[in-house]
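*Asks:* here is my input, please return the structure:
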Amino acid sequence: MKSRYEFEIKESYLLLNVTGSYDLTELLSLPAGVKARCEEEGIFKVLLNCLGLQNTDISTTDRFYLGEKLAQEFKSHIILAVAWPARDIDRFAETVALNRGGNMYVTGNYAEAEEWLLKSEVQ
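*Replies:* Got it, this is the predicted structure:
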């Protein structure tokens, strides 16, 4: 594995810290496990903290596949805030997820991601 994944249960959301090096295959396998953990804990808000992840300037194709996969797994039942290195954000994955019925927000600021997540309502 190129990355390390650590879950932490917060008061009203599930925090997943991702560190190491970006790998598309690993990230595409992540949503199913996150969904299972949400169902197990009864928590349907997730903050995906990738600020410690390296090599995050990813291709448009990777962004498309990630947005599509997140929307497929989470639909509108799991709200996802993503803290991603600001220099590498173009909002394409977010747009793909939203266009497919997902509820996702990407920002380069952890506090902003948390604030958005706490204000969001699970459907």
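
*Asks:* run a quick neighbour tally on L70.
*Replies:* 29 (other Cβ atoms under 10 Å). Just so you know, the C-beta spots here come from the backbone N, C-alpha and C atoms, and that holds for glycine as well.

*Asks:* is it true that it touches M104?
*Replies:* Yes. L70 is in contact with M104 according to Cβ atoms under 8 Å; the separation is 6.1 Å.

*Asks:* residues in contact with the residue nearest to P85 when sequence neighbours are not counted?
*Replies:* Among residues not flanking P85 along the chain, T56 sits closest, at 4.9 Å (Cβ to Cβ, 6 or more residues apart in numbering). Contact partners of T56, counting by Cβ atoms under 8 Å, 6 or more residues apart in numbering, are Y22, C50, W84, P85, D88.

*Asks:* what ranges does this structure have for its strands?
*Replies:* Secondary structure of the chain by DSSP state E: the strands cover 3-9, 14-21, 45-54, 79-83, 103-107.

*Asks:* most packed of these?
*Replies:* When the strands of the chain are scored by mean count of other Cβ atoms under 10 Å, the highest mean neighbour count falls to strand 79-83 (a mean of 26).

*Asks:* that one pairs with which strands, and in what direction?
*Replies:* Note on strand 79-83: by DSSP bridges, its sheet partners are strand 45-54 (parallel), strand 103-107 (parallel).

*Asks:* of all the ones you listed, which one is nearest E6?
*Replies:* Closest approach to E6 among the strands paired with strand 79-83 (Cβ to Cβ): strand 45-54, 9.3 Å.
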